[in-house]
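**Q** I need the structure of the sequence given here:
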Amino acid sequence: MRISFDLDEVLFVRPDTHKTEPPPMFPFNLIFQERLRLGTPELINKLQELGYEVWIYTSSFRSERYIRSLFRLYGVSFDGIVNGSRHEREVQAKSSIPLPQKLPNRYRISLHVDDETVICTSGRLYGFRTYQLDAQDDDWKEKIIKRADEIRHMISAEQHK
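**A** Numbers count the residues shown, from 1 in each chain. Okay, here's the model as predicted:
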């Protein structure tokens, strides 16, 4: 099962509104200005240990190389990355009508974690599951693992019918 995370305001947060991981060591802290939500490396690695594929699905145009390099500093690797460029090329370009800025089900993603209400609403309209995460929440990791487990069990039950 695949789980994807948005970057801005989900994994990348501001230290004045959220608890964050320590910044990377010099000189990487000059290259990578974003700050990770506290617990991000632990959560992603735990999800992968539990057998989930973990992806990034962002509407930002940061390069895949940039994203992978930043997270590598924290001991994290991703199974897939969809940025704004890839989405435009592989999803939007194939449609004559405007689509939402994210369509995780096009990449067989079973759960997408995002902060934007419009994305979560689009999930209900376009048939993908979301978890809305925005404010500081000390239990966010446990809640996402619980939601992922619920979805995995639902999918398994559907496949055994």
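**Q** mind listing what the closest residue to residue 75 other than its chain neighbours touches?
**A** Distances taken as C-beta to C-beta, 6 or more residues apart in numbering put residue 41 closest to residue 75, at 5.7 Å, once the chain neighbours are dropped. In short, each C-beta sits where N, CA and C put it, glycine included. Residue 41 sits next to 21, 71, 74-76 when contact means C-beta atoms under 8 Å, 6 or more residues apart in numbering.
**Q** the bottom helix or strand of this protein by mean pLDDT?
**A** The helix or strand of the chain with the poorest confidence is helix 117-126; it has a mean of 90 (mean pLDDT, DSSP states H and E).
**Q** Would you mind giving the secondary structure of residue 113?
**A** At residue 113, secondary structure determined by DSSP: H, G, I helix; E, B strand; the rest coil is strand.
**Q** Pull the distance from stretch 38-55 to the chain's centre.
**A** 11 Å (C-alpha atoms, centre = their mean, to the nearest Å).
**Q** Need the mean per-residue confidence for that stretch.
**A** Stretch 38-55 shows a mean pLDDT of 98.
**Q** please renumber so the chain begins at 15
**A** Yep, numbering from 15; the last one is stretch 52-69 now.
**Q** Show me which residues of it are buried.
**A** 52-55, 57-58, 60-62, 66-69 (16 or more other C-beta atoms under 10 Å).
**Q** what about that stretch, start to end distance?
**A** Using C-alpha to C-alpha, to the nearest Å, the end-to-end distance of stretch 52-69 comes out at 18 Å.
**Q** Can you point out the buried residues in the least confident helix or strand of the chain?
**A** 133-134, 136-137.
**Q** can you put those in JSON lines and add distance to residue 31?
**A** Listed next are the buried residues of helix 131-140 as JSON lines, based on distance: C-beta to C-beta, whole Å:
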{"residue": "133", "distance to residue 31": "19"}
{"residue": "134", "distance to residue 31": "20"}
{"residue": "136", "distance to residue 31": "25"}
{"residue": "137", "distance to residue 31": "24"}
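**Q** Now do the strands in the chain.
**A** Using DSSP state E, the strands of the chain run over 16-19, 26-27, 49-50, 67-71, 94-96, 123-128, 144-146.
**Q** Generate CSV for the ones you listed, with distance to residue 105 as supplementary columns.
**A** Shown next, in CSV, are the strands of the chain (distance: least, C-beta to C-beta, whole Å):
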stretch, distance to residue 105
strand 16-19, 13
strand 26-27, 22
strand 49-50, 27
strand 67-71, 10
strand 94-96, 8
strand 123-128, 12
strand 144-146, 17
